[in-house]
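Asker: sharing a model that was predicted from the sequence below.
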Amino acid sequence: MIKTSLFALQERETKLNKLGDVLSVMNKHIDFAALAAEIDRVVPRPSKLKGGRPPFPTELMVRVLLVQQMFNLSDEQTEYQLLDRLSFQRFVGLRDSSQIPDRTTIWTFKERLVVAKASDRIFEAANAQLSRHGYVARGGQMIDASLVPVPTQHIGRADKAIVEQGATPLDWSPAQRRQKDTDAAWVKKHGKSYFGFKLTTSTDVRYKLIRKIAVSTASAHDTLHLESVLDESNTRRDLYADKGYTDKEREVRLKQQGWRPHIQRKAKKGKPLSACQEKRNNRISKTRVRVEHPYAALEQMGGKLLRSIGLARAELHLSCKVATYNLRRLCYLIEAGISPLRSRVAS
């Protein structure tokens, strides 16, 4: 016989807290009001003079975006889960509300951010939370890049030539113009072809928090963005990167600027690395390998998938994704008792 109770909802929430609700932990440590205030400053809310139903509060929509990124949800699935899932309703602040942001509301909010080019400001506002808790960049930084595929686009050779010139073929219908991703590009890696974009990051060695990012087409070479993502605020001038970033001229330039580059050496055809170079690569790898942990976390949150079209939307999506990772990592560091002044290297 199934037991019924007038206090079933409260009992479920109590048990949810005991099991460990990651969203309730984030609610305890993250200042979402500050995030919302920064977005309102960059992207002012629609004027009430236009009439109609007032938009949902910005803080509520910021929480919706975080849930969407953390659990890799489409706009449609986000709407459904907000209707169905207790932990989401409680975190967003809709537990007793009869209104839920639908898929169109979520899409419209994100489009406002895209049009205002607010991706960088959102990422910076999230990282301000890290500094507020004392987790400044320490121990040097690790540079790496990852491909982010999008659904394959089939464009004829003649149309491709027109697109590469920055134009749109005249015979494309309005539907084709909306659905064709002319910003994404093809690239071959390890003998396999990928279509999409590339995310380049700078991650601090101490806490494995991502401090700088750059989003580009997949065909852009990794080395193009190394200097653009260097974090000047890091307390150490050491930077670590794999052999894909080998460039002697740039290393000389970086040293002249006060950086200490630790970039693995690449063997040339018919000229294998010496024992000394192999030993140096292994030494660098022991530190550089830590950069793979954030990428693994991003992949668990669906970081290897884009549901949008165009570079501007990709920048917003990946900025929000990385910001979500950082906020979640921050909460882990706090809950694990890893003080900003304690331990040389966080787990």
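Answerer: Perfect, I can see it now.

Asker: what residues sit buried inside whichever strand or helix holds Thr14?
Answerer: In the assignment (DSSP states H and E), Thr14 maps to helix 8-19. Within helix 8-19, the residues scored as buried using 16 or more other CB atoms under 10 Å are Glu13. For the C-beta atoms, the positions are set from N, CA and C on the backbone; glycine is no exception.

Asker: distance from it to the middle of the chain?
Answerer: 31 Å (CA atoms, centre = their mean, to the nearest Å).

Asker: could I get the average pLDDT for that helix?
Answerer: When pLDDT is averaged over helix 8-19, the result is 76.

Asker: what about dumping the CA coordinates of it to PDB?
Answerer: What follows is helix 8-19, C-alpha atoms only, in PDB (Å, rounded to 0.1, in the frame of the first residue of the first chain):
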ATOM      1  CA  ALA A   8       4.800  14.800   0.800                       C
ATOM      2  CA  LEU A   9       6.300  17.900  -1.000                       C
ATOM      3  CA  GLN A  10       8.300  19.000   2.100                       C
ATOM      4  CA  GLU A  11       9.400  15.500   2.800                       C
ATOM      5  CA  ARG A  12      10.700  15.100  -0.800                       C
ATOM      6  CA  GLU A  13      12.600  18.400  -0.600                       C
ATOM      7  CA  THR A  14      14.200  17.400   2.700                       C
ATOM      8  CA  LYS A  15      15.300  14.100   1.200                       C
ATOM      9  CA  LEU A  16      16.600  15.900  -1.900                       C
ATOM     10  CA  ASN A  17      18.800  18.100   0.200                       C
ATOM     11  CA  LYS A  18      20.200  15.000   2.100                       C
ATOM     12  CA  LEU A  19      21.000  13.300  -1.200                       C
END
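
Asker: beyond that helix, next helix or strand please.
Answerer: Note on helix 8-19: by DSSP H and E, the next helix or strand toward the C-terminus is helix 22-29.

Asker: what lies in contact with that following helix?
Answerer: Outside helix 22-29, the residues within contact range by CB atoms under 8 Å, 6 or more residues apart in numbering are 16-17, 66-67, 70, 87-88, 90-91, 133, 327-328, 330-331, 334-335.

Asker: helices or strands next to the helix holding Thr14 in the packing?
Answerer: If you count contacts as 3 or more CB pairs under 8 Å, 6 or more residues apart in numbering; DSSP states H and E, helix 8-19 packs onto helix 86-92.

Asker: the helix it packs on: which residues count as buried?
Answerer: Going by neighbour count (16+ other CB under 10 Å), the buried part of helix 86-92 is Ser87, Phe88, Gln89, Arg90, Phe91, Val92.

Asker: and stretch 132-140, by the same measure?
Answerer: Within stretch 132-140, the residues that count as buried by 16+ other CB under 10 Å are His133, Tyr135, Val136, Ala137, Arg138, Gly139, Gly140.

Asker: now the angle from the longest helix along the chain to helix 22-29?
Answerer: Secondary structure of the chain per DSSP state H: the longest helix is helix 311-335. Computed by axes from the mean of the first three to the mean of the last three CA atoms, to 10 degrees, the angle separating helix 311-335 from helix 22-29 equals 80 degrees.

Asker: gap between helix 311-335 and the chain center?
Answerer: 4 Å.

Asker: ok, stretch 226-234 next?
Answerer: Put simply, stretch 226-234 sits 17 Å off its chain's centre (CA atoms, centre = their mean).

Asker: average pLDDT across it?
Answerer: For stretch 226-234, mean pLDDT rounds to 94.

Asker: could you tell me the end-to-end distance of that stretch?
Answerer: 15 Å (CA to CA, to the nearest Å).

Asker: buried stuff in that stretch?
Answerer: Leu226, Val229, Leu230, Asp231, Asn234.

Asker: now, those that are in strands?
Answerer: Using DSSP state E, no member of those falls within strands.

Asker: of all those residues, which two lie farthest apart?
Answerer: Based on CB to CB, the longest span within those runs between Leu226 and Asn234 and measures 14.4 Å.

Asker: the helices in the stretch 1-150 of the chain, which residues?
Answerer: 8-19, 22-29, 32-42, 58-70, 75-84, 86-92, 103-115, 119-132 (DSSP state H, counting those that start in this stretch).

Asker: quick revisit: show residues contacting the helix holding Thr14.
Answerer: For helix 8-19, contacts defined as CB under 8 Å, 6+ apart pick out Ser5, Ser24, Leu86, Ser87, Arg90.

Asker: for stretch 318-325, same thing?
Answerer: Outside stretch 318-325, the residues within contact range by CB under 8 Å, 6+ apart are 65-66, 69-70, 119-120, 122-123, 126-127, 148, 197, 199, 201, 210, 213, 215, 294, 297-298, 301-303, 306.

Asker: now these: which count as buried?
Answerer: Neighbour-count burial (16+ other CB under 10 Å) is assigned, among the contacts of stretch 318-325, to 65-66, 69-70, 119, 122-123, 126-127, 148, 197, 199, 201, 210, 213, 215, 294, 297-298, 301-303, 306.
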